[in-house]
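Q: What follows is a protein structure lacking sequence information:
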């Protein structure tokens, strides 16, 4: 399945990659129970989950394991969906919105537990996240959001402007502080999950683009340039509907997201910037986010819709400049630290910001895990749980919240 470039620019995760994985091209004929198309963090999490319940698994990646969108993200493991509780309630009702928030929180916690259970070395750290606003007229809205969360049984603390400045260096109008979020190295996490799946019996194939899937009496047959594989079910974990699934493409809006990494900051510079040991993201849409990685800051956001025919180099330059100007306006000291590198990633948004997980009536013996927006790792864990439950013949009303038919 041919895909556009998922990443532009060399990220810090690739720069510091130790012991790159190497897997063979799919050649000849193979058979399995579950064939997973996509070797990013989603495919890796799903593969590990299926092998843990004893299923025979094969992962087919068009390029290199973890080197697409996974290597481009800033790896904020947030419990909160992209839409706040009020916005999500307006789209799907308060009861469903509350349950989606609960499931998202559970998925983030399960992701953390999985990384720890498997002893994956990926610099996992649990940190509080600060959801802030710079605008005084948005402060009451944000306090109302926190009240709605408390009413729904969800946790969070109000951060006053003075406290916000003290813990983050931001002179804003207030924030919500959430506990139980995390950050990590996404490429290392992906590779660790793939290794765990391999130990569980999964076969991994790289540089093997799937160009055709044929329906069979008892399953499907996947074709690559050099081989084929028969499976009882195929899981499409490519992030969005590729050209092969053109009828589904209208459900997704493709966006570029941008990331800057600063030069290493001295202790004095870090103190002047003022960002503490927290992860920050704002109420703007598209939102901006920032966190420390060692002695460097990762600055992300400035998402732009994909514009066919647009001059890519110009769009990249304009977006990264916009991102830099946004953060230097908040943290003037960043101008002295400087930017070491910039990169972009490609991701898909759905109309309600929620992923599609599960079957589609048009494609028998297919399961999908697509459209994660900015919350890929959290929803990858949720997809792994839902798809393994469905494989075992279980059904829950929770599944319906992320179905194509919702």
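A: Yep, that arrived. The structure displayed is predicted, hence computed values, not measured ones.
Q: Now for the residue nearest to residue 219 when sequence neighbours are not counted, which secondary structure element holds it?
A: In space, and not counting its chain neighbours, residue 219 is closest to residue 232: 4.3 Å by C-beta to C-beta, 6 or more residues apart in numbering. Yep, even glycine has a C-beta here, placed from its N, CA and C like the rest. Element membership of residue 232 [criterion: DSSP states H and E] is strand 227-239.
Q: what stretches of the stretch 201-350 of the chain score poorly on pLDDT?
A: Low-confidence segments of the stretch 201-350 of the chain (pLDDT under 70): 309-310.
Q: Can you show me the strands along it?
A: If DSSP state E, counting those that start in this stretch is used as the criterion, the strands of the stretch 201-350 of the chain fall at 203-205, 212-216, 219-223, 227-239, 253-262, 279-282, 289-293, 296-305, 339-349.
Q: can you list those strands in a markdown table and add distance to residue 315?
A: Shown next, in a markdown table, are these (distance: least, C-beta to C-beta, whole Å):
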| stretch | distance to residue 315 |
| --- | --- |
| strand 203-205 | 34 |
| strand 212-216 | 33 |
| strand 219-223 | 34 |
| strand 227-239 | 20 |
| strand 253-262 | 7 |
| strand 279-282 | 22 |
| strand 289-293 | 20 |
| strand 296-305 | 7 |
| strand 339-349 | 9 |
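Q: right, and these - which one's nearest residue 57?
A: Nearest to residue 57 among these is strand 203-205 (7.4 Å), distances taken as C-beta to C-beta.
Q: hmm, who's touching the closest one?
A: Residues outside strand 203-205 that contact it (C-beta atoms under 8 Å, 6 or more residues apart in numbering): 21, 23-26, 30, 32, 39, 57-61, 65, 194, 197-198, 224.
Q: Surely residue 326 touches residue 288?
A: Yes. Between residue 326 and residue 288 there is a contact at 5.9 Å, judged by C-beta atoms under 8 Å.
Q: got the residue ranges for the helices in the stretch 101-250 of the chain?
A: Along the stretch 101-250 of the chain, counting by DSSP state H, counting those that start in this stretch, helices occupy 136-151, 161-168, 186-199.
Q: packing partners for the longest one?
A: Going back to what we said before, that points to helix 136-151. Judged by 3 or more C-beta pairs under 8 Å, 6 or more residues apart in numbering; DSSP states H and E, helix 136-151 is in contact with helix 85-92, strand 125-133, strand 174-183.
Q: re earlier: please identify which of the helices of the stretch 101-250 of the chain is closest to residue 72.
A: Judged by C-beta to C-beta, the one of the helices of the stretch 101-250 of the chain that comes nearest to residue 72 is helix 186-199, at 8.7 Å.
Q: Of all the residues in that closest one, which ones are buried?
A: 186-198 (16 or more other C-beta atoms under 10 Å).
Q: Grab the nearest non-local neighbour of residue 174.
A: Closest to residue 174 by C-beta to C-beta, 6+ apart is residue 139, at 4.5 Å.
Q: what do you get for residue 13?
A: Closest to residue 13 by C-beta to C-beta, 6+ apart is residue 187, at 4.0 Å.
Q: Could you measure from the one you found over to residue 128?
A: Separation of residue 187 from residue 128 (C-beta to C-beta, to the nearest Å): 24 Å.
Q: Can you report how many residues neighbour residue 253?
A: Using other C-beta atoms under 10 Å, residue 253 has 16 other residues around it.
Q: hang on, it packs against residue 349?
A: Yes. Shown here, residue 253 and residue 349 form a contact pair, counting by C-beta under 8 Å, at 4.8 Å.
Q: any chance of the helices of the stretch 101-250 of the chain in JSON lines, with mean pLDDT and distance to residue 295 too?
A: Listed next are those as JSON lines, based on pLDDT from 0 to 100; distance: least, C-beta to C-beta, whole Å:
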{"stretch": "helix 136-151", "mean pLDDT": "96", "distance to residue 295": "31"}
{"stretch": "helix 161-168", "mean pLDDT": "98", "distance to residue 295": "17"}
{"stretch": "helix 186-199", "mean pLDDT": "97", "distance to residue 295": "18"}
